[in-house]
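Undergrad: here is a sequence together with a model predicted from it:
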Amino acid sequence: MKWFIQAFKKYAVFNGRARRKEFWMYYLFLIIFMVVAAVIDAAMGSFVLSAVFTLVTLVPTLSVYIRRLHDTGRSGWWILISLIPLVGGLVLFYFLISDGGVEDNQYGESPKMVAA
């Protein structure tokens, strides 16, 4: 849960780097909360809660995606590759699961070395 909250604290930070753990833990809680919102919406017969949740999490999600891409040494613009049907999503998934390495890159110092 702390990773989800941390992403909201850095909701507009598009520079720097995010470790795999930070990204995937945020994504796990995002999916859990989206499922809960969808279940509540289905019980109420509307889609308002899911829509509001999606809008609230849009910017933090983009920022954590971009910081994760920075950790792998790629520009945040690589997120647009997901617009290519099927192949783009697979390539982006590969980028997101790739190890960022312990060396510093053009986007900042390694979060692995900061955490150590």
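TA: It's in. Numbering: from 1, shown residues only.

Undergrad: distance from the chain centre to stretch 78-95, please.
TA: 14 Å (Cα atoms, centre = their mean, to the nearest Å).

Undergrad: what does stretch 41-57 give?
TA: For stretch 41-57, the distance to the chain centre is 20 Å (Cα atoms, centre = their mean).

Undergrad: do the same with stretch 14-33
TA: Using Cα atoms, centre = their mean, the offset of stretch 14-33 from its chain centre is 5 Å.

Undergrad: can you mark which positions in that stretch are buried?
TA: By neighbour count with 16 or more other Cβ atoms under 10 Å, stretch 14-33 contains the buried residues 17, 18, 19, 20, 22, 23, 24, 25, 26, 27, 29, 30. Backbone N, C-alpha and C define where each C-beta goes, glycine included.

Undergrad: packing partners for the host helix or strand of residue 69?
TA: Assigned by DSSP states H and E, residue 69 falls within helix 48-71. Secondary-structure packing of helix 48-71 (3 or more Cβ pairs under 8 Å, 6 or more residues apart in numbering; DSSP states H and E): helix 2-9, helix 20-44, helix 87-97.

Undergrad: list the contacts for the residue nearest to residue 47 when sequence neighbours are not counted?
TA: In space, and not counting its chain neighbours, residue 47 is closest to residue 41: 5.2 Å by Cβ to Cβ, 6 or more residues apart in numbering. Counting by Cβ atoms under 8 Å, 6 or more residues apart in numbering, residue 41 makes contact with 47, 48, 49, 50.

Undergrad: thinking again about what came up before, show me which of the buried residues of stretch 14-33 is closest to residue 74.
TA: residue 17 (10.9 Å; Cβ to Cβ).

Undergrad: the closest one reaches residue 100, doesn't it?
TA: Yes. Counting by Cβ atoms under 8 Å, residue 100 is a contact partner of residue 17 at 6.5 Å.

Undergrad: any residues in contact with both of those two?
TA: What both residue 17 and residue 100 touch, as defined by Cβ under 8 Å, 6+ apart, is the set 71, 110, 111.
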